[in-house]
Every structure is written in C-alpha cells, then in structure tokens.
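**Student:** Give the three-dimensional model of this entry:
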Amino acid sequence: MKTLLASTAVAAMLVFAAVASAGYFNGPVPANHHIHDCTAAPCVYPHLAVGFFPTILSESRADYLNHPAECNDATDKSLLPPLDEKPELNQPLRAGVCYTPTTLIHLRSIDINDPAPAGWSGPIAPVTLGNGVTYVTYWLLTPR
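**Tutor:** Coordinates of the predicted model:
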C-alpha cells in the first residue's frame, strides 16, 4: 500500500511539473528576456531575429519556430545599457544561456582571435562591430 501511495505521489508530481513547464513556454516572454522568433525585418524587441538558432539546433526553420529560443537580455551584451558603449574591450559580445523547452543553449561570442572554449561547437556567425573587433559564436547544447 505504501508503495502504491508513493508511486501515485511521484506520478502526480511529474504530471504537475510537465504541465507547469509547458505553461511557462506558452505565456508571454518574461521581463528582461527576448525571444528569437522574428523571421522578417524589422524585428521589434522582445521579438528578435531567428538568426543561427535553427542551424545550431539542427532543426528546420519551421520546426524551430514551434519552440523558439528565449534568452535573458544579459546574454546579449548589446542589449544592456549603456547601449552606445558595448561591447567593452576584452569582453564577449554574447555570454550566457538561452533555452527552448528541451534544450539549454550556452552561447559565447568572442573575438575571432581568441581561443575557442574547450568542448564547444562552432564557430558560426562572424560579425564585425564598430569597435573593429570581429566576433564569432560558439555554443554548447545541454538537454533539459
């Protein structure tokens, strides 16, 4: 009887966690976050360009758009104030974690001349900014 009650309690907790997790991804984007779900310019914050996410997740754009990546604004240093001074010298353009319902996406965009982070995939998406630095992005995927 104790085993049956314990099993029922565990099953109920798992169902609750699944429903809560699914509900989180169906609501509005949390404050200080953005979502990479925009497919045509101009994109308006918090809806930013799809960018390289389908490529690094090995998904078609259509499949990716079913569950686009959300990111904390602190991941993209260009979204942090003061906007006219970013990125600072010797600082990454991106450093942080974005997520989909199934995957944590660790991102790091660094100077093309810096060594790649050990064990990460990339580089992808070179971009040269007004500070003259060319940045490339590396990623590491972790199942949720």
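**Student:** Report pLDDT for the closest residue in space to His106 that isn't next to it in sequence.
**Tutor:** With C-beta to C-beta, 6 or more residues apart in numbering as the criterion, His106 has its nearest non-adjacent residue at 4.1 Å, and that residue is Leu140. Every C-beta, even on glycine, is put in place using the N, C-alpha and C of the backbone. pLDDT, the model's per-residue confidence, is 97 for Leu140.
**Student:** Likewise for Asp111?
**Tutor:** Reading off the model, Asp111 has pLDDT 90.
**Student:** What is the burial count for the nearest residue to it once chain neighbours are set aside?
**Tutor:** The spatial neighbour of Asp111 that comes closest, neighbours along the chain excluded (C-beta to C-beta, 6+ apart), is Val133 at 5.4 Å. Around Val133 sit 18 other residues, with neighbours defined as other C-beta atoms under 10 Å.
**Student:** circling back to that earlier point, so who does the residue nearest to His106 touch?
**Tutor:** With contacts defined as C-beta atoms under 8 Å, 6 or more residues apart in numbering, the neighbours of Leu140 are Ile105, His106, Pro117, Gly119, Trp120, Ser121.
**Student:** ok, now how distant is the last one from Asp111?
**Tutor:** If you measure Ser121 against Asp111 using C-beta to C-beta, to the nearest Å, the figure is 18 Å.
**Student:** Between these two, which is the more surrounded one?
**Tutor:** Between Ser121 and Asp111, counting by other C-beta under 10 Å, Asp111 is the more crowded of the two (16 against 13).
**Student:** Now do the contacts for the residue most central in space within the chain.
**Tutor:** By C-alpha atoms, centre = their mean, the chain has its centre lying nearest to Cys98, at 2.0 Å. Taking C-beta under 8 Å, 6+ apart as the definition of contact, the neighbours of Cys98 are His36, Phe53, Ala69, Glu70, Cys71, Asn72, Thr75, Leu104, Ile105, Leu107.
**Student:** Fine by me, thanks again.
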